[in-house]
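In: compute the structure for the input listed below.
(6 chains)
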6 protein chains.
Amino acid sequence: MANYNSYRYFRVTFPVEYVAHVEINRPEKMNSFLTGRMFEELRHVFTQLSHDPAIRAVVLSGSGDRAFTAGLDVQEAAEMEGGLLSMSKPSTGTANYFPDAGRIAVHLRRYVDDFQNCISSIERCEKPVVAAMHGYALGLAIDLATAADVRVCTNSTQLAVKEVDIGMAADMGTLSRLPKVVNHAGWVKEVAMTGRTFGAREALRVGLVNYAYETKAAMVQAALSLASLLASKSPIAVQGIKEILNYSRDHPVQDGLRYTNIWNSSAVQATDLQVAVLSGLQKKSPTFEKL
Amino acid sequence: MANYNSYRYFRVTFPVEYVAHVEINRPEKMNSFLTGRMFEELRHVFTQLSHDPAIRAVVLSGSGDRAFTAGLDVQEAAEMEGGLLSMSKPSTGTANYFPDAGRIAVHLRRYVDDFQNCISSIERCEKPVVAAMHGYALGLAIDLATAADVRVCTNSTQLAVKEVDIGMAADMGTLSRLPKVVNHAGWVKEVAMTGRTFGAREALRVGLVNYAYETKAAMVQAALSLASLLASKSPIAVQGIKEILNYSRDHPVQDGLRYTNIWNSSAVQATDLQVAVLSGLQKKSPTFEKL
Amino acid sequence: MANYNSYRYFRVTFPVEYVAHVEINRPEKMNSFLTGRMFEELRHVFTQLSHDPAIRAVVLSGSGDRAFTAGLDVQEAAEMEGGLLSMSKPSTGTANYFPDAGRIAVHLRRYVDDFQNCISSIERCEKPVVAAMHGYALGLAIDLATAADVRVCTNSTQLAVKEVDIGMAADMGTLSRLPKVVNHAGWVKEVAMTGRTFGAREALRVGLVNYAYETKAAMVQAALSLASLLASKSPIAVQGIKEILNYSRDHPVQDGLRYTNIWNSSAVQATDLQVAVLSGLQKKSPTFEKL
Amino acid sequence: MANYNSYRYFRVTFPVEYVAHVEINRPEKMNSFLTGRMFEELRHVFTQLSHDPAIRAVVLSGSGDRAFTAGLDVQEAAEMEGGLLSMSKPSTGTANYFPDAGRIAVHLRRYVDDFQNCISSIERCEKPVVAAMHGYALGLAIDLATAADVRVCTNSTQLAVKEVDIGMAADMGTLSRLPKVVNHAGWVKEVAMTGRTFGAREALRVGLVNYAYETKAAMVQAALSLASLLASKSPIAVQGIKEILNYSRDHPVQDGLRYTNIWNSSAVQATDLQVAVLSGLQKKSPTFEKL
Amino acid sequence: MANYNSYRYFRVTFPVEYVAHVEINRPEKMNSFLTGRMFEELRHVFTQLSHDPAIRAVVLSGSGDRAFTAGLDVQEAAEMEGGLLSMSKPSTGTANYFPDAGRIAVHLRRYVDDFQNCISSIERCEKPVVAAMHGYALGLAIDLATAADVRVCTNSTQLAVKEVDIGMAADMGTLSRLPKVVNHAGWVKEVAMTGRTFGAREALRVGLVNYAYETKAAMVQAALSLASLLASKSPIAVQGIKEILNYSRDHPVQDGLRYTNIWNSSAVQATDLQVAVLSGLQKKSPTFEKL
Amino acid sequence: MANYNSYRYFRVTFPVEYVAHVEINRPEKMNSFLTGRMFEELRHVFTQLSHDPAIRAVVLSGSGDRAFTAGLDVQEAAEMEGGLLSMSKPSTGTANYFPDAGRIAVHLRRYVDDFQNCISSIERCEKPVVAAMHGYALGLAIDLATAADVRVCTNSTQLAVKEVDIGMAADMGTLSRLPKVVNHAGWVKEVAMTGRTFGAREALRVGLVNYAYETKAAMVQAALSLASLLASKSPIAVQGIKEILNYSRDHPVQDGLRYTNIWNSSAVQATDLQVAVLSGLQKKSPTFEKL
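Out: Predicted coordinates:
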């Protein structure tokens, strides 16, 4: 597996014990995403963190002053040979590659399936992920943030489900995850269909973010504190909670109960239970085995 | 298909380009619904709008000053031969038609199945629907509104899931859709079981409506403006968003991602993507093909 | 079936016609739950109330001044031979009972499956249940409350999904039900993973409780009033609403519509419909048959 | 509702009490289906039969000597303006109607959705349907037959899931229903992907048909006898069995049990139960009320 | 828990180590089932066997020469006050208990829900159950047998889904489980709707039974041999297989894979894996710990 | 992507146009699977074939005379440090790596999740896969074969769901896929719980294989012929059929119909439809564009 220094578009640091800080690192372009390699790197980073026993919680934020991420780098996507825009061009340009609309569809599905899978690596990451959004948080920003576990922002963050304004339905997860994160169905339909920008106050009200802070620095500090708190808890418990909550979101209550029970039937055999209970009785901080 | 002027209980006008305004038009009875033909007409209107390329967004409101709709016309339903009330009468009256409770049940199921299907035509309508509620919005009003995409009201709107007060569980969709619209499970249970009236402030707080306005006129104007904004966006994108959000509500996230991808594999081949991106670069309003 | 006086850990009284008041009755230990018999009794109480025609609504609260319930009696659970804590002990202690981790898992699953089933008796109870929480409402308190239909508390109630602090994921239902009760996914993850205490204001904001009251006495009085109101409604309607809303939570909208229709095809044949409509026309209180 | 004589493409007769015989009636074209009106008629016929109290069972067969149905009338479909084939033509021809691949997809979905709905009217028909197939039973024949409840054929019937040979996946239900009818997953994949013809012996072996007969006349006679037997049973029971089996196919066993119970809670209140039991004790034929 | 000798309607013996033989023991009435206590006993027997570490496999058969079971004792059910038949009587008889069809439905649902739960105890039993059917195996016989894991019969067994002949849809599980056991959808519909008797040859062909034997004695001997073979295998493995196969029947493949993995993550930590592998290498019979 | 020659454990050849032949290539060990790299290679091979436009169908067989595959190389798995067997050892050996049963479970889940994913690459491969099994086909062989689309074998193939004999439930997919391939639930339970060997005749009877052949050479030849036939069909159609059938297996019929429709709305816009129809009319072989 790659060393954490080898990533080009993500900076991974370890400011607190057991906590990783992942920064989207393309500030000169407002952290907009390049298709291809940048998505791949995202998946590598979160897959690596998922199994790294030295990590128990992750913060995801954007580098620079201006944006968490302004979304997909549309200019690059437009120029890319065989890319999204060329798909809908009249036949002249694409005929070389794809003879018909049916084959274009197959190509697009393979391509988007892979991108979706990269974004979902945040959800699959066994450790909890806190998304900390400042400045612009547009389009892909919502796909990324809703794949995380907890979201925070600054008072001045500008958010939008922007894809409608390039003539398409958001395709990287927002439409599947946002309604299960905030559950104000009318609000989701409005912001997804109008593409209008909304701010921290509205994000707080509908439950898209848990907290809003005055500055980016304060937000990152708070996110790291929350991650640090999560990292001080039993990793067996915290990772089990993430898994069970994600499973329960997608299944009936009875299925959720059964899954919880089967998951826990090995988890409670970890030493964490005893360590936690004894530490509680002795009023001291517990020390848990790696995971 | 019927001309839009041929409806008796619904007035359909076109106040803005690409926007239809559907008014429930029985103000002398507070827009209460007659069983049979009035439900049928509702289905016809929304089925027609769904496939009409001149329409991209719909506003549904009630005519007159007093009510969005006061619900089912219980008096008419009670008098109707073979109607709901006669079902629970002691055997004398119904014996002519139905010899036993099992056969009455079959008759009721066929009958309600058809009414549910009429209400669901709002959800099936491929174009987004904004429900604008003023005055009384009782019983059936909630069935209709929760089948729409976005809801607004006036500050003085009086809402209630009223069916409990006629001794039955709401049977036209409220109990299936309301908890997926607002998702404050305890509040839903309370208002559904008590039948108590609640106002705009409460509707706003739980997320049943997106906005509340001072007057009916202001509300209708705002609803038409929102519809007009939706109509200015790519119809391929807006209709795709409606479909995908409704699908995602009913399926696990993984299924939602896959459905999004397959849906989009043809949708992004529409000219809308290029039109939207080019218009964006040129800072002018896009013009989309009909749909 | 046992007489209501025979319970040791629950006090069951009938302060209002058709209303049962169930009090968790171990105030000397902050109503903490003993494994085994106390869970069994809970199931007996709610199974009995479910089918008792003299009961139409239930209030569940905690006796004494200090707590709704402080959760599982961890001390007792820890000491119990073959109990939860002994499961994770190194082999010496448990070797007598369980030769390996696989068999411990089987034992745990049987044990927790039974406890989950006891808690779910509140959800299975055909009559609506109002959980009224004062003082400490920790751990198991949330499992119990989310299995109820409506939740209220006092301004000073202290709530927490506490299990993470004993090194485990909550296993009695909170992780499956809480996200379907409040649906602020980020908040659920935060409180479940940190175990932090939150108060009435926060519980109100996310929709965990419907109302908060100044004192325990005021809260219990209000809960009984709500139960009394529910008990004045048609029991056929109220019990149908509970069943249909619980079913709809776990199924797609189309399945919900169909289930509603089939359920109602016998329910509307009850006399309640006529009784309710006639009473409405005559402006007098309806009297419904027992159920 | 239309009189049974008014259909152009279907002959509906009543050879036995309570039994309808529906014949696909376009023998000069091997009963191949015209798009549009012929599908519509199919839906009308089965919707009418579904609610007609004089009907308790239905046989569906093909008129003439040569075919149950040879499938879609591809020639007509190909020639039809705006039809299936024109969709995949290079831009010149279709540009008048559809400017892009995304809009063609929308058009196709509306069109196929309606055809699927017509076929599904056989499944939705509340009375059991026996499909009796002779001669050629190709393409659409399998869509129709798998939407029925029981299938029979002659020894010389030639069957095929033919759509692969016109370059498409069967789109009218075969791919969703065939694997739930026969459940030999490997065989389904083989015949669906190769389009190869198979005969009665193979159809019997995999369970696609219940019986095979020497001649068309013998087959129709046997199908009518089976329908007649079904019609002699309690219609409340038979129709309940169809509904519950179709529901159970699509849901977990626990959901199936619950649905059965709720369905039956009104059904067993029909007089059929007493009539059947008494007739059984008295060893005479029961006479059931209409349904 | 009751001693195995205390049952009145079931004889439980232990002919082979780790194997229980449960005989339905009312041969004078062809092992027909009495409502109430006999269903309760069935649940007790299988719940007890499920957790008894001395048992690893179960055979269920009928005592006497004539029947596995002839189904529900209809005569007793008919005479029972408040029983099934009285439900559909005209108002005179039942008016004392139930004033309307809606309340009768509630009563029936509670009653059947409990009976279904008794039958499902066979499926919930953690140990594999072999149903061995001789003579008449009618109605309830199929509910019981399809809740078991493997079915065998004699060459002369007469089977039928008989409920249609008393005017009702089978309500104890056959309609939910039979199509998932044999999966010849057309055959299931035919036998469920006609109630016709079928024999061993047909049961073998559609997969309802695994084997048929010449005599009852040979069948019971073979069933005990199969149970004995199952009991010689790792109980951790065998019970895990039962659980995972039942879960997989009701869920998508991806959910099945995940459930398998989580289940096994504790199961493979049992000593059974080592014991089995070592015994295999040493070519001797393994001895597994109790479960 | 790797060149097809670079694989160590799989030989990939192209005996017929558009057809790949993948041979498990460890004949000296009866093609048993090494954990780790061999699973990884399998995933690489099928992922590469899935998107390779020169491939339209795949045959998977085993090299050498003795076995398709004898399953997992248990000896290697047993010796591997941190491997499956060490998991269930008493604490001494594993203590270095894993301090408790809970952490062992986490490790196992990650490990098996990855192996399951490798096997599922056969199902995810967009091109149809024919598994051709000769000699021993044990354990993992069934996991592999049930992830394929069509299965064939020789008359002397010996098959078994062998995992029960090493004390565990099969964990690589057999228990989730086998019951959806053959659907003789009793037979699946028997062979999975006893681990007994069965032959070609039985595999044919229950539908596990489509055909059995006299020799390995004849079988491979026939499998290649079938693959060649599939490769001659429209790749748009064949790949759509695979996708839709796999989706339909896991969803209700209504969901399947909708998915089919949306999938096809782009697929039928491929040139394949016209090419196929025209070739049909002209009675010549169609030539389809690559995919």
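In: for chain D, what's the nearest residue on chain A?
Out: For chain A and chain D, the shortest gap (CB to the nearest CB) falls at A:Ala101, measuring 3.7 Å. From N, CA and C alone the C-beta is placed, and that goes for glycine too.
In: show me what contacts that residue?
Out: B:Ser266, B:Gln269, D:Ser88, D:Ala101, D:Ile104, F:Ser266, F:Gln269, F:Ala270 (CB atoms under 8 Å, 6 or more residues apart in numbering or on different chains).
In: check which residues of the longest helix along chain A are buried.
Out: Under DSSP state H, the helix in chain A containing the largest number of residues is helix A:101-124. For helix A:101-124, a neighbour-count test (16 or more other CB atoms under 10 Å in any protein chain shown) marks A:101-109, A:111-112, A:115-116, A:118-123 as buried.
In: for the closest residue to chain B within the stretch 1-150 of chain A, give me the pLDDT.
Out: Nearest residue of the stretch 1-150 of chain A to chain B (CB to the nearest CB) works out as A:Ala105 at 3.8 Å. We have a pLDDT of 93 for A:Ala105.
In: next: A:Val277.
Out: Looking at A:Val277, the pLDDT reads 87.
In: I'd say it and C:Asp165 touch.
Out: No: using CB atoms under 8 Å, A:Val277 is not in contact with C:Asp165, being 9.1 Å away.
In: contacting residues for A:Phe46?
Out: A:Val22, A:Val58, A:Ser121, A:Ile122, A:Arg124, A:Cys125, A:Val129.
In: most widely separated two among the residues you listed?
Out: Pairwise distances across the contacts of A:Phe46 (CB to CB) peak at 14.7 Å, for the pair A:Val22 and A:Arg124.
In: what about stretch A:152-162, start to end distance?
Out: End-to-end distance for stretch A:152-162: 19 Å, by CA to CA, to the nearest Å.
In: determine how far that stretch lies from the middle of the whole chain.
Out: 15 Å (CA atoms, centre = their mean, to the nearest Å).
In: report the buried residues of that stretch.
Out: Quick answer for stretch A:152-162 (16+ other CB under 10 Å): A:Val152, A:Cys153, A:Thr154, A:Thr157, A:Gln158, A:Leu159, A:Ala160, A:Val161, A:Lys162.
In: point me to the residue of the stretch 101-250 of chain A nearest chain E.
Out: A:Tyr247 (8.3 Å).
In: pull the contacting residues for that residue.
Out: A:Gly256, A:Tyr259.
In: check A:Asn246 too.
Out: Contacts of A:Asn246 (CB under 8 Å, 6+ apart): A:Glu123.
In: equivalent analysis for A:Glu28, please.
Out: For A:Glu28, the contacting residues are A:Gly64, by CB under 8 Å, 6+ apart.
In: with the one 10 residues further on instead?
Out: For A:Met38, the set of contacting residues under the criterion of CB under 8 Å, 6+ apart consists of A:Tyr9, A:Arg26.
In: wait, the residue of the stretch 1-150 of chain A closest to chain B touches F:Ser266, no?
Out: Yes: between A:Ala105 and F:Ser266 there is a contact at 3.4 Å, judged by CB under 8 Å.
In: which residues are in contact with both of those two?
Out: What both A:Ala105 and F:Ser266 touch, as defined by CB under 8 Å, 6+ apart, is the set B:Ser265, B:Ser266, B:Gln269.
In: need these in a markdown table (columns: pLDDT and secondary structure).
Out: Formatted as a markdown table, the shared contacts of A:Ala105 and F:Ser266 follow (pLDDT from 0 to 100; DSSP: H, G, I helix; E, B strand; the rest coil):
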| residue | pLDDT | secondary structure |
| --- | --- | --- |
| B:Ser265 | 94 | helix |
| B:Ser266 | 92 | helix |
| B:Gln269 | 93 | coil |
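In: tell me the one of those nearest chain A?
Out: B:Ser265 (3.8 Å).
In: measure that closest one to chain F for me?
Out: 5 Å (CB to the nearest CB, to the nearest Å).
In: got a list of what the nearest residue to that residue once chain neighbours are set aside touches?
Out: If the residues on either side of it in the chain are set aside, B:Ser265 comes closest to A:Ala105, at 3.8 Å by CB to CB, 6 or more residues apart in numbering or on different chains. A:Ala105 sits next to B:Ser265, B:Ser266, B:Gln269, F:Ser266, F:Ala267, F:Gln269 when contact means CB under 8 Å, 6+ apart.
In: what sits against the fifth one?
Out: If a contact means CB under 8 Å, 6+ apart, then F:Ala267 has A:Gly102, A:Ala105, D:Met168, D:Ala169, F:Ile236, F:Ala237, F:Gly240 as its contacts.
In: ok, 6 Å please
Out: A:Gly102, F:Ile236, F:Gly240 (CB atoms under 6 Å, 6 or more residues apart in numbering or on different chains).
In: number of residues surrounding A:Ser285?
Out: 7 (other CB atoms under 10 Å in any protein chain shown).
In: near chain F, which residues of the stretch 101-250 of chain A are found?
Out: Applying CB under 6 Å from any CB of the partner chain, we find that the stretch 101-250 of chain A lies next to chain F at A:Ala101, A:Gly102, A:Arg103, A:Ala105, A:Ile236.
In: between the residues you listed, which is nearest A:Lys29?
Out: Out of those, the member with the shortest distance to A:Lys29 (by CB to CB) is A:Ala105, at 29.8 Å.
In: do you know how far the closest one is from F:Pro235?
Out: 13 Å (CB to CB, to the nearest Å).
In: got it, and A:Phe39?
Out: 27 Å.
In: out of these two, which sits in the busier spot?
Out: Taking other CB under 10 Å, A:Phe39 and F:Pro235 do not tie; F:Pro235 has more neighbours (27 against 22).
In: am I right that that one is in contact with F:Arg56?
Out: Yes: F:Pro235 lies in contact with F:Arg56 (CB atoms under 6 Å); the separation is 5.0 Å.
In: identify the contacts common to those two.
Out: Counting by CB under 6 Å, 6+ apart, F:Pro235 and F:Arg56 have no shared contacts at all.
In: circling back to that earlier point, redo the contacts of F:Ala267 as a markdown table? Include pLDDT.
Out: Below are the contacts of F:Ala267 laid out as a markdown table (pLDDT from 0 to 100):
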| residue | pLDDT |
| --- | --- |
| A:Gly102 | 93 |
| F:Ile236 | 96 |
| F:Gly240 | 96 |
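In: nearest to chain C among these?
Out: Nearest member of the contacts of F:Ala267 to chain C, counting by CB to the nearest CB, is F:Gly240, at 24.8 Å.
In: just name the shakiest helix or strand of chain A by mean pLDDT.
Out: helix A:91-94 (a mean of 40; mean pLDDT, DSSP states H and E).
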